[in-house]
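>>> Sequence and predicted structure, then a few things I'm wondering about:
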Amino acid sequence: MRRTLGALTASALILAPFLWLVVSSVSGQTDLLEHPLHWWPEHVTLSRYQEIFTGREGVAAQFRAAMVNSLIVGAGTVVVSVSVGILGGYALARLTFPLRRMALMSFLVTYMLPPIVLIIPLYLLMARFGLLDTKLGLIIVYCSLATPFALWTMSTFFGSLPVELEEAARVDGCTRLGALVRVILPLARPGIVATVLFVFLLCWDEFLYALIFTSTSDAKTIPVAIAEFTGRNAVDFGLIAAGGVLAALPPVLLAVVLQRHLLAGLTAGSLK
Amino acid sequence: MPELHLPRRALLAAAALLPLTAACDVGGSNSPDSGGEGSGEGKITALFMQQAGYSEADIRAMTTDFQAKYPKITVEPTFVAYEALHDKIVAAAPAGTYDVVLIDVIWPAEFGSKKIVTDVTGQFPAAWKTDMLGGALKTAEYQGKYYGVPWILDSKYLFYNTEILGKAGVDPTSLSTWDGVLAAAAKIKSANLVKHPLIWSWKQAEALICDYTQLLGAFGGKFLSDDFKSIAFDSGGGLEALKWMKKTIDDGLTNPNSMESLEEDVRKIFSEGSAAMALNWTYMFNAANDPAQSKVAGKVEVLPTPSASGGSPGVNGSMALCVSGGSKNQKAAWTYISYLTSAEVQNKYAKSSLPCWGKSYDDAAVVSVAPKMVAAAKKELASLISRPEVPRYNEISQILQAELQQALLGKKAPEKALADAATQAKSLL
Amino acid sequence: MRKQAPLAAALLLPAALVVFGVVLWPAGRALVISFLDVDSPFPGAYPFVGLGNYADILTNPRFWAAAQHTLYFTVASTTLEVVLGLGLAHLLAAPMRFRWLFRAIVILPWALPTIVNGAMWRWILNAEYGALNALLTQLHLMDDYHSWLGADPFLALNMVVVADVWKNTSLVAFFLLAGLSAIPAELGEAARIDGAGSFRVFWRITLPLLRPTLAAVLVLRVIEAFKVFDIVYVMTGGGPASGTQTITFLTYLQAFSAQRFSYGAALAYLTVVAVLLLALIYLRLLRQQEMRAL
């Protein structure tokens, strides 16, 4: 009971601002600027969603293209970063080798550098390899952002699994990699899922690099598209809200699909 | 978990790794992509912004017409938000991504001195110097050289709500001076017509400097001494302007939310009828008179900026088209710029942005777009005041924004705030 | 032991290529630049100033103000996120009806792009039309509309913390949820049989075992919070009166707006040093806590 109450309170606190975003997205402009504000609009309008979904050119088309770009860039980065993160994370967690800590630290140091100072040299590199304004270019840059983190979390999750299970598998004749694939990976599934979510959302969220490295609908991502129509329509918050609601949907769907794997390892959630 | 145990040695070693990478530096940096004239044909890329002035659709239409006229040049226009424009130009400069870039009036000194945009004085026809409005001409000029061609001409005007002024019995002609504005605001407030008659864009951003500049000009102030070697805003008109601003807050005439407002917030509040008077760019005239976006449509009038002891110069808020320093096709870029800035093209799109050419303001087609706006513009655009034309303007502006807010929020006396700003800004000249 | 090194190298190589292939040159270049006086984006020969930029920064009051804001922001937001995230993770792990729905709700803020999150809070906190003002006045908790982001620099900074906590607590909660799954259920059950209450089980058994995940997520959040930029850019632009200017925001203003690339690069490396120190302090604290708990 106490837990249900807690869950309800938490849900309310989380949902209140978001619901206001949803309400704003369907409120007529005059409702939004009302004094005193009422909480349900007199004029409910879906015009902004209509505009985003059906608009032939300009904002609408750009938004749809940005959605697709963000999905592709996010998926590409997840595949690369999480794979190399699993391999490297395993090495960091389970193998003994010289300079292990230094290897981990040097990855983390790259993660600590504010992107702003890397932008101009990176821009030159990307220009030289023809990667500006391409999804591939963004995937490459995002992989470099997400991988240190994927390494760090995967090594943490691997490190917290009991060594005995793996040893048992190896006694049964598995190679190290065989044990990784057959024993460790299934057990580390919650950690992998959390890392996948993190990497995907990092790409979904990233603004500064995307802003500078993309210039057309070929590669512009969701945050850039939203920032652009924020600039143009600052007066109509509803349109920004509609864009925000739509931008939140794909990751939420992904999370709903993945959530059952988040706590599926040793305990299946039985430790309370 | 063993990773948590990070001894100091590992840290030092990790830190030591980075200088190693410096060795790789030499390889990449010694081949600057320098620009060139080009054949005058082929493909060029242009960078525009999306907010004010010509719309994306306008620019695409202009470009289509241009390509019909010059079939050997293809143009790829790209668009960013204004907030990203400066950074995008800087980041792209070494790679020469863009041939044509749109720049704000505050950047020619910075971009020109760093060769991010090219000096086009040689190509600038003598006739343009007389045919363009005086205020416009200064837009892309720095130390006697032209670094671009003025394209989007703008300044801040005084907008007022005829209904509120009518109810308060204020004669709009009294709004020709800032004293008059103050008196009108006091009258409106005491009649309880709106809580705060004035709204401004005084958020810590360039918008604050625009409003301040216009007031500084009205009070006869100067940013810098005439030789650009010392600070002048900390006394005289500069100080008076800030004191005046503070007074409107203290008297309850200025909406305190001005300190978190940009131009679009000003438009929103004014369009809601929550303010009687506001300073804003040209675009607010159409926007606030559009019933779809405004509750006060049809009740909005515009006047040239009011005067005080020092006259009534508007702030120069124009933008110019430039050939980028990294462009490898500068000739074609210039052809495109010449076309976009021509009087014919500008007159055709006068509804989106008023032309830079003096004659256009007598062109019936242009005037008919918005007669009252054009009348106000014609007067104000003849004399504009510029923000300091120095390469490190952006830094000076950042300092000034912060100190002006200190004063407006009552954390420092105006004298102290401006003196502090002057001390910090002195070394940047 | 020794023979594990080649395997480790092979396993780490892909990650190293993916990261250092992209970052090494820009990061190295930024470090070199921090010792020069580079004032334009073009490559070329620039004067060497040694530690001049670092000295400049450390004697500039604007930097110290930004450092204070950054430290406050980092400590306040990460502490709140970890405390709230722990509670949330605990709820998320509990068996209940509609658990999938609860998880979907919790993930919402994390899924909302920062740029939208910032715009949303700016809208909620809007002094003229904001929902918070409307709510508080309609509940008679406040007489008049209040300016949350424009009047008081410290209040504005706290509002930025609120927006950040609202979004990133989800991330912390989900990582801790994943960490919970590595804890053998038998431990908790055994303790419960011995008569320990849920709180004691959580405090004595779950929390210590959760420590590695907690450390990982905390270090991650500290790094990100210290680099905070987007939310400030969208919500306040560093104002009012520079009260929400953080180090990364200052870096942005200096490196980009002002084209003082060397100054910006030096700021970035100072940031790295500061984040490292902060991360180490947190890790050290967590280790001590473990020793006391066990």
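Thanks, I have the structure now. Numbering: from 1, shown residues only, chains lettered A, B, ... in the order given.
>>> residues contacting residue 82?
This is for chain A. Counting by C-beta atoms under 8 Å, 6 or more residues apart in numbering or on different chains, A:V82 touches A:150, A:154, A:192, A:195-196, A:199. (Each C-beta comes from the backbone N, C-alpha and C, glycine too.)
>>> That was the other one, I meant chain B.
Applying C-beta under 8 Å, 6+ apart, the residues contacting B:Y82 are A:231, B:49-52, B:104.
>>> Could you say which of these is surrounded by the most neighbours?
B:M49 (25 neighbours; other C-beta atoms under 10 Å in any protein chain shown).
>>> Make sure that residue is actually in contact with B:L102.
Yes: using C-beta atoms under 8 Å, B:M49 is in contact with B:L102, at 6.0 Å.
>>> and the closest residue to B:I231 other than its chain neighbours, how many neighbours?
Closest residue to B:I231 apart from its sequence neighbours, by C-beta to C-beta, 6 or more residues apart in numbering or on different chains: B:A422 at 4.2 Å. Residues within reach of B:A422, counting by other C-beta under 10 Å, total 20.
>>> Need the residues touching each of B:M49 and B:L102.
Common neighbours of B:M49 and B:L102 (C-beta under 8 Å, 6+ apart) are B:85, B:319.
>>> Follow the chain on from the helix or strand of chain A with the lowest mean pLDDT and name the next helix or strand.
Least confident helix or strand of chain A, by mean pLDDT, DSSP states H and E, is helix A:29-32 with a mean of 78. Of the helices and strands lying after helix A:29-32 in sequence (DSSP states H and E), the nearest is helix A:47-54.
>>> List the buried residues in that following helix.
Of all the residues in helix A:47-54, those buried under the rule 16 or more other C-beta atoms under 10 Å in any protein chain shown are A:48-49, A:52.
>>> Need the residues that contact it.
So helix A:47-54 is contacted by A:25-26, A:59-60, A:63-64, A:236, A:238-239, A:241-243, A:246 (C-beta under 8 Å, 6+ apart).
>>> so how far is it from its chain's centroid?
On the basis of C-alpha atoms, centre = their mean, to the nearest Å, helix A:47-54 sits 25 Å off its chain's mean C-alpha point.
>>> quick check: mean pLDDT across it?
The average pLDDT within helix A:47-54 is 82.
>>> can you check stretch C:136-143 too?
90.
>>> which stretches of chain A have low pLDDT?
Chain A contains residues with pLDDT under 70 at A:1, A:55-58, A:231-235, A:263-272.
>>> Which parts of it are helices?
A:2-26, A:29-32, A:47-54, A:59-94, A:100-112, A:115-128, A:135-159, A:163-171, A:176-179, A:185-187, A:189-205, A:208-213, A:222-232, A:237-258 (DSSP state H).
>>> now the ones you listed as JSON lines including distance to C:A76?
Below are the helices of chain A laid out as JSON lines (distance: least, C-beta to C-beta, whole Å):
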{"stretch": "helix A:2-26", "distance to C:A76": "17"}
{"stretch": "helix A:29-32", "distance to C:A76": "31"}
{"stretch": "helix A:47-54", "distance to C:A76": "35"}
{"stretch": "helix A:59-94", "distance to C:A76": "30"}
{"stretch": "helix A:100-112", "distance to C:A76": "20"}
{"stretch": "helix A:115-128", "distance to C:A76": "23"}
{"stretch": "helix A:135-159", "distance to C:A76": "22"}
{"stretch": "helix A:163-171", "distance to C:A76": "38"}
{"stretch": "helix A:176-179", "distance to C:A76": "43"}
{"stretch": "helix A:185-187", "distance to C:A76": "36"}
{"stretch": "helix A:189-205", "distance to C:A76": "21"}
{"stretch": "helix A:208-213", "distance to C:A76": "23"}
{"stretch": "helix A:222-232", "distance to C:A76": "25"}
{"stretch": "helix A:237-258", "distance to C:A76": "25"}
